[in-house]
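**Q** For reference, the sequence and a predicted model appear below.
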Amino acid sequence: MAIVYGFQNGRSAPAAMQDASPGLALTATLTEGQMDATITSLGDLTFVIDVRLTAPPDVLKQPDLTPEANLAMVEMHMDGIAPVFSAVGPGFWQARAVLPMAGAWIVNVGFGEDFAETVIVAR
């Protein structure tokens with residue numbers, strides 16, 4: 001299992017607790033290939049998660065290949081926010097998450113057992 005923490009402005013997101021308004025980037029080398037994800041705040045506790053996977057064509061053509069995401073609140077032990085991804089194009093998916101309250105949230109994004117992890121602050 002690969003765990004990769006996100007970075008923004010040259011600092012580790014968990015320590016800096018950055019907000020994702022300009023777009024927080026995550027990059028991870030997973031079993032399936034190179035994953036690049038962006039988490040962008042739309043305001044009103046709404047976030048868009050874009051996932052791009054650079055992988056061989058046979059991997060990208062797998063019918064069940066879809067990223068997964070989970071958002072869990074750091075302080076309140078609130079979890080279970082799992083946005084559904086839609087295919088935008090080959091190797092590109094997008095999901096929208098509306099969080100129930102402001103605060104720090106751990107975000108996991110990936111495929112199967114491999115994922116990248118960061119912390120965002122919802123305002």
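**A** Ah, there it is. Because the structure is predicted, anything quoted here is derived from the model rather than measured. Numbers count the residues shown, from 1 in each chain.
**Q** Provide a list of residues in contact with the most centrally placed residue in the chain.
**A** Closest residue to the average C-alpha location of the chain: Val109 at 3.9 Å, with Cα atoms, centre = their mean. Val109 is in contact with Leu26, Met35, Ala37, Ile39, Ile49, Val51, Pro67, Glu68, Ala69, Phe115, Ala116, Glu117, counting by Cβ atoms under 8 Å, 6 or more residues apart in numbering. Just so you know, the C-beta spots here come from the backbone N, C-alpha and C atoms, and that holds for glycine as well.
**Q** centre of the chain versus the strand or helix carrying the last one, how much separation?
**A** Secondary structure from DSSP states H and E places Glu117 in strand 114-122. For strand 114-122, the distance between its averaged C-alpha position and the chain's averaged C-alpha position is 6 Å (Cα atoms, centre = their mean, to the nearest Å).
**Q** Stretch 62-81 too?
**A** With Cα atoms, centre = their mean, you get 8 Å for stretch 62-81.
**Q** Between the two ends of it, how far is it?
**A** End-to-end distance of stretch 62-81: 25 Å, with Cα to Cα, to the nearest Å as the criterion.
**Q** can you tell me how far the closest residue to Gly33 other than its chain neighbours sits from Gly91?
**A** Sequence neighbours aside, Ala55 is the residue nearest to Gly33 in space, at 2.9 Å (criterion: Cβ to Cβ, 6 or more residues apart in numbering). For Ala55, the distance to Gly91 equals 7 Å [Cβ to Cβ, to the nearest Å].
**Q** next one: Leu71
**A** Leu71 is 23 Å from Gly91, by Cβ to Cβ.
**Q** What about the nearest residue to Met76 once chain neighbours are set aside, how many residues nearby?
**A** Excluding the flanking residues, the one nearest Met76 by Cβ to Cβ, 6+ apart is Gly103, at 7.0 Å. Using other Cβ atoms under 10 Å, Gly103 is surrounded by 17 other residues.
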